[in-house]
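> test case, fold it:
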Amino acid sequence: MLDETRDEDSTLNFEYFPGAVQTYNGGSTFVNKFDADKFSELRSSNVYYPFSSSGDWELGSWLLRSGLSMSAINTFLSLRLIKKLPLSFHTANELHGRAELLPSGPRWKSQEICTSHPTKRPLILYWRDPLELVQFLFNNPEFQDAMELSPYCLYDSAARLHRIYTEWMSGEDAWSMQSQIPRGATLLGTILSSDKTTISVLTGDRVAHLLLISLANIKMATRLKSSSHSFLLAALLPIPKFIHKNKRMKGVLEARLIHHCLDIMLEPLKQAARLGHEPRTSSTTLAQLAVVASKVDPSDIEVYFREAQKFCLNGVDKPFWRDIPLSCPSKFLTPELLHHLHKEFGDHDAKWCINALGSAKIDFRFSVLQPVTGFRHFKEGISTLKQVTGRTLRDIQRFIIGVIAGCAPREVVTVVWALMDFRYHIQAYRITDGDIESIGSVLREFHLHKHSILDAGLRHGKGNKPIDNWHIPKLELMQSVAPSIPRVGVSIQWSADLTEHAHIEQIKDPARGSNNNNYDPQIYPGLRMAVATTAIDDKPDDGGNDLCVRSQRFTDYFARSVQLASSPPDTISLPRRAFSVGCIAFNLAYNPNICRISVDETAAKFGLPDLRAALADFFLHEKTRGMDSVYPIGGGPRRAAENAELPFDDLQVWFKLHLQTVEVHTNSLLPAQTLLASPPDGDWQYGCYDSAVVNTDSTKVWPASGLQGHIIVQLRLIMRPLGKPRKQWSWADRFLSYVQRFDIVPQAGTYRDPSSQMHILKRAMRSGGQHLGDVIPVSQIRTYANLIPRFGQHADACLTSFNSFKHCREFFLNKYFDKNSYHPLSL
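A predicted model of the protein is given here:
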């Protein structure tokens, strides 16, 4: 399947901007600059200089990044065990002194900012030259193969009838900007992200205002990984406390201060952008500011603000972008998914749902959903959640449509799923012209039915009083998302998730190493230290290896399966515990949960009375059609008898299976999902069995084919037959599973429930009333399938998270569980 995906990509047609990039000799690379350091001669014999060895540097680097205070580091270094180590430093001061000798990246600067209105304390701007930071990113060898340098148009075929939008370079803005700069020049898109973050722990109110910088030329697959360190800390903006009686004017002064600081910090980039051409802008904002300035003195902020409000301006008289060539806020202020989409859901959609069902009812339904390994289970519901994070909001979004469907008014459910479809559509890594039309279509669906929210009185304000208007800025911003995609590429690349994570690495962790006193004098050397350690970590050694070992955030089972496949059979356990089929990798634990158990004992333990007959039918199918044929899960009668003879007596049994797939658009590796098939135990009196998508037609491929050639099953048993001692048998030694099928319940003229836009499933039954189940190879499983009980108007009060799957008769096939299954389940 990985090859099939590459073949599919090969049908795409690229049209690159002619003459966009020209290479010039004489530039210095990252390694050149590293080797130009004054200690480079010493480093030629010891790459870790000023540290004595790899181990010396590894411990020193860990201590510098640990967030430990100087006192704690001294205590650690004074331990007798540590004293025995051949270290080049013995105190925290010595460690910091050696770190100061490391080659550094772009240097930090500081500047006191003078303001027209008094503040409670002096304002200090800490910043680095943004042009040096851009050069640092551009020269970083880690991004060598992940950089796009020429704008392009991407089409779905050689006919070039339909555009596809992915990276920033595939958008119309990059193409337009390239046409306005000299031939042969390289266009670099600068990303700036600014936000405040609290850095004090438990006590205090210390807040930092970070400005991060990155390059839009770095491909999304690399840039959106936190481990790539593609966002650099460019500035710490001052956080003022103005002395002014009017609170709103304090906000205007703060906005002016931010623009003034950005003016100072971005001047090198402005100068670089001006070379070779004159600034061009058609922004009406600057014309409006000129009108305001002609009438009012900007220093009289209250009068100026009132005049600016007539144009819906915020009172900033000199916006930082005013003299940046080719810049226009309507273009460079891109949609931001974390705040514009997910926070909007928490502030509005989720509250509409809570008001529609009532807190008790919606909380109960969330609490009885079967837990999913690796995801949050809302055992207390969602109505009383506090300090909700973006991840929590995403977890609520996964389930909320299925939870409210059948209970909330139908039009209200339509409003919620329309906005949910909008979110999932625009989070794709590849968007076509047809997708943009679909995005507009679901927004129109929302506007068509949004009156139902106000009619039912579900939108509440302060004091829980109903609101009868749609003055929601985040909803208004949604109208600009679809038009922005052709200009600047897909919206997912502009999400603040990565920059929010960067706050931890770049400021919160270093701040924990301080004593929380006299913050400003400590921040400068702290930032200098962070730059130095990062620079040496990014330097490759002579063998091309990183000096530091970067930890992987999740296991790559594809790589493990390749390693086992290339290993001699006599050196590993067979069948191989990790293997892959197309774009799916499977992994089972080396040791089974049950090493040996008879077939009949297994049937009793897992509640599968037809297990023996199902195994016999499977081997008969394999014998007649071959092991490579796809095993169908049909509805006909059993061919084998319940007491059928098998060529084995015992089984090995596993209670879980790790299933790993790749992102549907980019082929990027995704974390593995754990599928459970565990027997009754403790609170799980009926066992815990997950559901999955299974392939039943070899001509259909998941996810491109959607549910065509695939069915939904419940995974009831993962096993491997153990042959009888000293007896030869011919079957292919592999892992098998016993699964029970679900059937789609047809709706009026469609296969989806009109209210929720999801498939409704019921358990398939044989003519005798037994659950329809069969044995299939584990390799026919394609992905995890999340099912939500169809509660209806009233959920059974006896349901719990341990028994809801057992007692419910019908289920929603939850297409909103993750972005990777949303698209194939929407086909």
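
> state which strand of the protein is the longest.
Taking DSSP state E as the criterion, the chain has its longest strand at strand 710-723.

> show me what that strand is packed against.
Here strand 710-723 is seen to pack against helix 599-606, strand 648-654, strand 656-660, strand 673-678, strand 688-689, strand 691-695, strand 736-744, strand 781-785 when contacts are counted using 3 or more C-beta pairs under 8 Å, 6 or more residues apart in numbering; DSSP states H and E. Placement of C-beta: from N, CA and C, glycine included.

> redo these as a markdown table? Include mean pLDDT and mean neighbour count.
Listed next are those as a markdown table, based on pLDDT from 0 to 100; neighbours: other C-beta atoms under 10 Å:
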| stretch | mean pLDDT | mean neighbour count |
| --- | --- | --- |
| helix 599-606 | 96 | 17 |
| strand 648-654 | 94 | 19 |
| strand 656-660 | 97 | 21 |
| strand 673-678 | 97 | 20 |
| strand 688-689 | 97 | 22 |
| strand 691-695 | 97 | 24 |
| strand 736-744 | 96 | 22 |
| strand 781-785 | 97 | 24 |
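
> and the ones you listed as CSV, adding distance to Asn46?
Formatted as CSV, the helices and strands packed on strand 710-723 follow (distance: least, C-beta to C-beta, whole Å):
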stretch, distance to Asn46
helix 599-606, 61
strand 648-654, 49
strand 656-660, 41
strand 673-678, 45
strand 688-689, 55
strand 691-695, 54
strand 736-744, 55
strand 781-785, 50
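
> the closest residue in space to Val599 that isn't next to it in sequence: what's it in contact with?
In this structure, Val599 finds its nearest non-sequential neighbour in Arg612, 5.5 Å apart by C-beta to C-beta, 6 or more residues apart in numbering. Contact analysis of Arg612 by C-beta atoms under 8 Å, 6 or more residues apart in numbering lists 599-600, 603, 640, 642-644, 646.

> with Ala234 instead?
Ala234 touches 127-128, 130, 133, 192, 211-213, 265, counting by C-beta under 8 Å, 6+ apart.

> with adjacent residues omitted, what lies nearest to it?
Leaving out its chain neighbours, the residue that sits closest to Ala234 by C-beta to C-beta, 6+ apart is Ile213, at 4.1 Å.

> and the contacts of Arg612, which is closest to Val739?
Ala603 (14.8 Å; C-beta to C-beta).

> in the stretch 1-150 of the chain, where is pLDDT below threshold?
Scanning the stretch 1-150 of the chain for pLDDT under 70 picks out the ranges 1-11, 24-36.

> that one: strands as residue ranges?
13-16, 108-113, 123-128 (DSSP state E, counting those that start in this stretch).

> got the ones you listed as CSV, with distance to Ser755 and mean neighbour count columns?
As requested, the strands of the stretch 1-150 of the chain are arranged in CSV below (distance: least, C-beta to C-beta, whole Å; neighbours: other C-beta atoms under 10 Å):
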stretch, distance to Ser755, mean neighbour count
strand 13-16, 40, 13
strand 108-113, 56, 14
strand 123-128, 53, 20
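
> out of these, nearest to Tyr165?
Here strand 13-16 is closest among those (C-beta to C-beta), at 13.0 Å.

> what strands line up against that closest one, and which way round?
Note on strand 13-16: by DSSP bridges, its sheet partners are strand 152-155 (antiparallel).

> mind checking how far the strand it pairs with is from the chain centre?
A distance of 25 Å separates the C-alpha centroid of strand 152-155 from that of its chain, computed with C-alpha atoms, centre = their mean, to the nearest Å.

> need the next SSE after that strand, C-terminal direction.
Note on strand 152-155: by DSSP states H and E, the next helix or strand toward the C-terminus is strand 163-165.

> list the buried ones in whatever helix or strand comes next after that next one?
Using DSSP H and E, the next helix or strand after strand 163-165 towards the C-terminus is helix 172-178. Buried residues in helix 172-178, counting neighbours by 16 or more other C-beta atoms under 10 Å, are found at 172-175, 177-178.

> of those, which is the nearest to Trp731?
Nearest member of these to Trp731, counting by C-beta to C-beta, is Ala174, at 57.1 Å.

> would you list the contacts of Arg612 in CSV and tack on distance to His658?
CSV is the format used below for those (distance: C-beta to C-beta, whole Å):
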residue, distance to His658
Val599, 25
Asp600, 29
Ala603, 25
Ala640, 31
Glu642, 33
Asn643, 35
Ala644, 32
Leu646, 28
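
> farthest pair in these?
Greatest spacing in those, by C-beta to C-beta: Asp600 and Ala640 (14.6 Å).

> sorry, back to before: figure out which of the helices and strands packed on strand 710-723 is closest to Gln793.
strand 736-744 (22.3 Å).

> mind giving me the packing neighbours of the closest one?
Where contact means 3+ C-beta pairs under 8 Å, 6+ apart, strand 736-744 is packed against helix 611-625, strand 691-695, strand 710-723, strand 759-763, strand 773-777.

> which regions of this structure lie under the pLDDT threshold?
1-11, 24-36, 200-205, 274-283, 508-553, 635, 726-730.

> make a markdown table from the strands of the stretch 1-150 of the chain and add distance to Met478 to it.
Output for the strands of the stretch 1-150 of the chain, formatted as a markdown table (distance: least, C-beta to C-beta, whole Å):
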| stretch | distance to Met478 |
| --- | --- |
| strand 13-16 | 30 |
| strand 108-113 | 36 |
| strand 123-128 | 34 |
